[in-house]
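>>> Okay, predicted coordinates and the sequence, questions at the end:
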Amino acid sequence: MTPFVYNIANLLAVLKDGELLDMVDAIKATFKAARNSLGETTVSAYDTAWIALVKNLDGSDTPQFPMAIDWIARNQLGDGSWGDADFFLIQDRLINTLGCVVALASWGVHMDQCSRGLSYIQDNLWRLGRDDEEEWMMVGFEITFPTLLEMAKGLGLDINYDDPALQDIYAKRNIKLAKIPREALHAKPTTLLHSLEGMEGLDWDRLLPFRCPDGSFHSSPAATAYALSQTGNKELLGYLELAINNFDGGAPCTYPVDNFDRLWAVDRLRRLGISRYFPTEIKECLEYAYSHWSPQGMSYGEHCPVKDIDDTAMAFRLFRLHGYNVSSSVFKHFEKDGEFFCFAGQSSQSLTAMYNTYRASQFAFPGEDDLDRARSFCRAFLEKRRASGNLKDKWVISKGLPSEVEYALDYPWKASLPRIETRNYLEQYGASEDVWIGKGLYRMPLVCNDLYLKAAKADFTYFQRLSRFEWLSLKRWYIRNNLQAHGVTEQSALRAYFLAAATIFEPNRAAERMGWARTAILADAIASHFRRNAGAGADGTMEILISGLATDDWTNQAREAKDSAARSLTYALDELIDLHAFGNASDSLREAWKQWLMSWTGKETHESSEGDTALLLVRTIEICSGRHGSAEQNLRSSEYAQLEQITSSICRKLGTKNLAQDGGSTDNVEALDQEVDLEMKELTHRVYGMNGNEVNKATRQTFFDVVKSFCYVAHCSPETIDAHVSKVLFENVI
């Protein structure tokens, strides 16, 4: 491809229509608006009802928060209920509606709305007996719902309190309360503080010291409102005033969620493949969250004292990915007797918490045994849930979650290429349809955003258009140089391009992408020629190629070739160097090819040359990127030499593994896998954990990208690769 054609290709990809650019600007504006936010989440009618119940602290028989009553009056649904308008779960509708009915009846206001809400409860109580919502139970429902029923009974509200469905809830409440150690509740902050409004016989003198720095009890407006009504504590008042002022009279079920909001938003942008548009926004989010990181882990909000493995794992993974210093020892706080948990005292395991921990555990450095244990435990848990067909989570309702988990289990991080993950995630990401589960259902617009998905689909569509254009150009080069005569099929050439495009996908990196693809194809052709002729030096082709590289006299060298095949390889190599390097860069690329050719001496198999081919690809990418000057300097660096050694070793072992599997032998495969895993940890550490100055970050990432492509090929069958080629490059995103 000539420089002119490169410019045309870049133009097709970079000159995006105004719609995508407008979407990017809108997303940036969203992040700017949320810069000082304590978390973007929807209002909970249930929590707002508890706030509305608080009597005026001046002693008068009036509400302390009339804004909360106004919010309730404004937000009743058409059927008389309160709750999420777009996703129906009976627990969500009943607990929100009962809370609002109790609040309105307590003050004797909006009685027509109260009556409609009461009718809804009477007509729908029977639904509580359904079993299909067990995985999606509202947080603390079996404790808080009976408490509201008792309050309703005290107000004389007409509800069938003997309904069998309610008796079952009461039984569950008794079991749950019997399990709660009252002394432990009063001994230190735990997640039990989140549902204080459902408990009786509390010692407030002992509990008040457990308030968060912002005055709340475990960032729960409902629990805090109940505590305020019982104690009159002014610090509790300040927290609730902040909440309802920020949410127009209402309050969310958990507040703040500032760490969670930022971390999950960054994760979504990365997985959707559009993070490169938002470097400043992502840095601000991570800097904010990192300021709240501790050796004990991370919680969803700045002030919440109870850490959890879900937020900790997400933060750990993103921090490592972006070069922050974090220790894996943080996970020891979530391990007991060989099992990992989200937080102490949990009633059941969370699928997404274990999923995120599994993702984080693959970012291990050498010697981090705690992450090895976490990976084994989480993988076993997820595999068991997959085998049982139960991939629902207790904290989020997402249509794509089962597919997300299956992808993570089928393709470990080391063998997952960016564009494959993004192509799948475009189908998995639920955007605004994803619903989160607290004491009621709620939404998180900074995390689950339709605009993200729309922008990501537009971006991926442009990627596909550019990829198809590049593939046509590459195919013409492949045909013109008669490389099919050397055993390189069109399908294998397409796979080579796919590996490059699925890894280096940014439009402005076309030179690196095409340099990778052409180099891989031509190296395959030359290797095939050597194997067919019983060795690299058997017909003199290697000497001719090396001589041409040294003298730049390709015409004479081609004449000396004994057959047309050798001549076509000579011309192809000459053209490749002319296409991808100029001036000093040309010398660097010639030297890279010379070293690769000389490494073939005495080698008879493709697999034994994998390590050398990987290094050739790294050097080619670096030269095509314009970093050839630093590449020359890197060759004299000990750190660079170590990166080369690890890269070569991993790729060589992957080639040996493929050879063993093709031959039907599995004796050494497990041992090779273990060796590769150890070396991948070392490479991960050198790429993401070492901030030395000898080798720049982009170059270290090149090594990692190339190794991951080799891991992917070793991990997948040819049929799987071809399916990915079709889906990523040719199946339009809908």
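All right, it came through fine. Numbering: from 1, shown residues only.
>>> residue ranges of the helices in the stretch 1-150 of the chain, please?
Ranges of helices in the stretch 1-150 of the chain, per DSSP state H, counting those that start in this stretch, are 3-14, 18-33, 45-52, 66-74, 90-107, 111-124, 141-154.
>>> who wins for proximity to residue 524 among the ones you listed?
Of all these, helix 3-14 sits nearest to residue 524, with 23.0 Å by CB to CB. Bear in mind the C-beta positions are built from the backbone N, C-alpha and C, glycine included.
>>> Point out the one among the helices of the stretch 1-150 of the chain that comes closest to residue 505.
Nearest of the helices of the stretch 1-150 of the chain (CB to CB): helix 3-14, 10.0 Å.
>>> can you tell me the average pLDDT over that closest one?
Computed over helix 3-14, the mean pLDDT rounds to 45.
>>> going forward can the numbers begin at 405, since that is how I track them
Taking 405 as the first residue, the last one we looked at is helix 407-418.
>>> Spatially central residue in the chain, please.
residue 671 (4.5 Å; CA atoms, centre = their mean).
>>> Show me where the stretch 505-654 of the chain dips below the pLDDT cut-off.
Along the stretch 505-654 of the chain, the model assigns pLDDT under 70 to residues 535-538.
>>> The same query, at a cut-off of 80, please.
Confidence mapping of the stretch 505-654 of the chain against pLDDT under 80 gives the ranges 533-539, 584-585, 588.
>>> hang on, the earlier thing: just say which of the helices of the stretch 405-554 of the chain is most tucked in.
A comparison of the helices of the stretch 405-554 of the chain by mean neighbour count, using mean count of other CB atoms under 10 Å, puts helix 449-456 on top with a mean of 31.
>>> That one versus helix 494-511: what angle between them?
20 degrees (axes from the mean of the first three to the mean of the last three CA atoms, to 10 degrees).
>>> what's helix 449-456 packed up against?
Here helix 449-456 touches helix 470-478, helix 494-511, helix 625-635, helix 638-650, going by 3 or more CB pairs under 8 Å, 6 or more residues apart in numbering; DSSP states H and E.
>>> So for that helix, mean pLDDT?
98.
>>> before we move on, what about stretch 979-996?
pLDDT averaged over stretch 979-996 gives 86.
>>> so what pLDDT did the residue nearest to the centre of the chain get?
99.
>>> gap between the closest residue in space to residue 497 that isn't next to it in sequence and residue 702?
Sequence neighbours aside, residue 487 is the residue nearest to residue 497 in space, at 4.3 Å (criterion: CB to CB, 6 or more residues apart in numbering). Counting by CB to CB, to the nearest Å, the gap from residue 487 to residue 702 is 30 Å.
>>> what does residue 559 give?
Taken as CB to CB, the span from residue 559 to residue 702 is 42 Å.
>>> Same check on residue 857?
27 Å.
>>> got it, and residue 691?
Taking CB to CB, one finds residue 691 at 14 Å from residue 702.
>>> if we can go back for a sec, mind putting the helices and strands packed on helix 449-456 in TSV, distance to residue 782 included?
TSV is the format used below for the helices and strands packed on helix 449-456 (distance: least, CB to CB, whole Å):
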stretch	distance to residue 782
helix 470-478	40
helix 494-511	28
helix 625-635	30
helix 638-650	35
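>>> and residue 774, which of those helices is closest to it?
helix 625-635 (32.9 Å).
>>> Which elements pack onto the closest one?
helix 449-456, helix 608-611, helix 638-650.
>>> Would you mind giving these as TSV with distance to residue 763 added?
Formatted as TSV, the helices and strands packed on helix 625-635 follow (distance: least, CB to CB, whole Å):
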stretch	distance to residue 763
helix 449-456	31
helix 608-611	36
helix 638-650	32
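>>> out of the ones you listed, nearest to residue 657?
Nearest of the helices and strands packed on helix 625-635 (CB to CB): helix 449-456, 5.3 Å.
>>> ok, and for the top helix by length along the chain, which residues are buried?
Longest helix in the chain, counting residues (DSSP state H): helix 854-884. Buried residues in helix 854-884, counting neighbours by 16 or more other CB atoms under 10 Å, are found at 855-864, 866-868, 870-871, 873-875, 877-878, 881-882.
>>> Point out where the stretch 1005-1138 of the chain drops to low pLDDT.
Within the stretch 1005-1138 of the chain, the ranges that satisfy pLDDT under 80 run 1005-1012, 1032-1040, 1062-1072, 1094-1097.
>>> Hmm, I typed the wrong one, I wanted the stretch 755-904 of the chain.
In the stretch 755-904 of the chain (pLDDT under 80), no residue qualifies.
>>> Which residue ranges of it form helices?
Secondary structure of the stretch 755-904 of the chain by DSSP H, counting those that start in this stretch: the helices cover 755-765, 773-791, 805-814, 822-832, 854-884, 894-907.
>>> Export the ones you listed as JSON lines, with columns for distance to residue 593.
Listed next are the helices of the stretch 755-904 of the chain as JSON lines, based on distance: least, CB to CB, whole Å:
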{"stretch": "helix 755-765", "distance to residue 593": "19"}
{"stretch": "helix 773-791", "distance to residue 593": "24"}
{"stretch": "helix 805-814", "distance to residue 593": "30"}
{"stretch": "helix 822-832", "distance to residue 593": "35"}
{"stretch": "helix 854-884", "distance to residue 593": "35"}
{"stretch": "helix 894-907", "distance to residue 593": "45"}
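>>> Alright, that wraps it up for me.
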